[in-house]
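Participant: I need the structure of the sequence given here:
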Amino acid sequence: MRSRVMRVAARLWLCAAMSLLASAPVFAMQAVPDPTPPGSVQIDKAPRDPDFGVSTRHPGLQRHVEMYQWTRAGDGYVLAWRGARVDSSGFAPGHDNPKAMPLREREWHAVVRVDGKPVPDAIIAGLGDWTGFRPNFSALPGNMSATFQPEGDGLGSADNPLTPQVGDLRVTWRAFVLPPLADRLVLRNGEWAPRATTGPVVADAGPPPAGQPPRSSRWLFSSGAGVVLLIVVVAAMRRRRRKPAD
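Facilitator: Next up, the predicted model:
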């Protein structure tokens, strides 16, 4: 009777050991989460065009202004949208352009921080791209709403967008959009610098805290403890079987 009880107890210990062994890697990985990789981007202040109330959540905002003007075309003249004033002082009569652009192009930039540290503007300029977007004109000031109306992805001053007149304006906006930065930057002497790579980049989680083994080693330690416990239990069962029954 006693040997039967011991056999049952040994089986229970074996099941517990196997369960512990199977779950050991999971426990090890859950207990020590990986550090957050670099790449948490913060914008100090959202860029905003105060004249039109247009803003973006991206680090850069650009206003692009075009004016409908006379331009030379071979031996004649044509009307076209141009982003800068065309000097018509030498044009034939009846082809005069306004003396100045009534609205100028502008850009606004915000300070970009990654994990709380500012990224130099020169680095940011090489990472992002200017992308057109259609703003929400709900904050358009009254004086601008009296002059402009929605046209395409922006605003236009023409009474009829299909038949603009000389001097009419067309305004659009672009945002400076950044890609994910986790794999593109590296800290050097406490400052962000471009990460030079020639292939796929693997985020560096950095060394483990002092006195703490790497996660792979902790996994081996945990699973190794389970293996040792399993061997001890199996050996105990074998010794019990060799003993004569009471």
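Participant: Look at residue 122 and tell me its secondary structure.
Facilitator: Three states are possible here, and by DSSP: H, G, I helix; E, B strand; the rest coil the one that applies to residue 122 is helix.
Participant: Any stretches of this protein with poor pLDDT?
Facilitator: 1-39, 197-246 (pLDDT under 70).
Participant: For it, which segments count as helices?
Facilitator: With DSSP state H, the ranges of helices along the chain come out as 2-31, 121-125, 142-145, 215-242.
Participant: Tell me which residues of stretch 46-65 come out buried.
Facilitator: Of all the residues in stretch 46-65, those buried under the rule 16 or more other Cβ atoms under 10 Å are 47, 49, 52-56, 58-65. C-beta here means a position set from N, CA and C on the backbone, and glycine is covered the same way.
Participant: Pull up the distance across it, start to finish.
Facilitator: 21 Å (Cα to Cα, to the nearest Å).
Participant: repeat for stretch 120-131
Facilitator: 21 Å.
Participant: Outline the domain layout of this structure.
Facilitator: Following automatic domain parsing, one gets these domains for the chain: 2-32+212-242, 41-194.
Participant: Identify the farthest-apart pair in the buried residues of stretch 46-65.
Facilitator: With distance counted by Cβ to Cβ, no two of the buried residues of stretch 46-65 lie farther apart than 59 and 65, which are 21.5 Å apart.
Participant: of the buried residues of stretch 46-65, closest to residue 40?
Facilitator: residue 59 (14.1 Å).
Participant: So the closest one versus residue 96, what's the distance?
Facilitator: Between residue 59 and residue 96 the distance is 41 Å, computed by Cβ to Cβ, to the nearest Å.
Participant: pretty sure residue 57 is in contact with residue 48, am I right?
Facilitator: No. Because the distance of 10.8 Å does not satisfy Cβ atoms under 8 Å, residue 57 is recorded as not touching residue 48.
Participant: Return the residues in contact with the residue nearest to residue 144 when sequence neighbours are not counted.
Facilitator: Counting by Cβ to Cβ, 6 or more residues apart in numbering, residue 144 lies nearest to residue 52, which is 5.7 Å off, once chain neighbours are set aside. Residue 52 is in contact with 63, 135, 137, 139, 140, 141, 144, 155, 171, counting by Cβ atoms under 8 Å, 6 or more residues apart in numbering.
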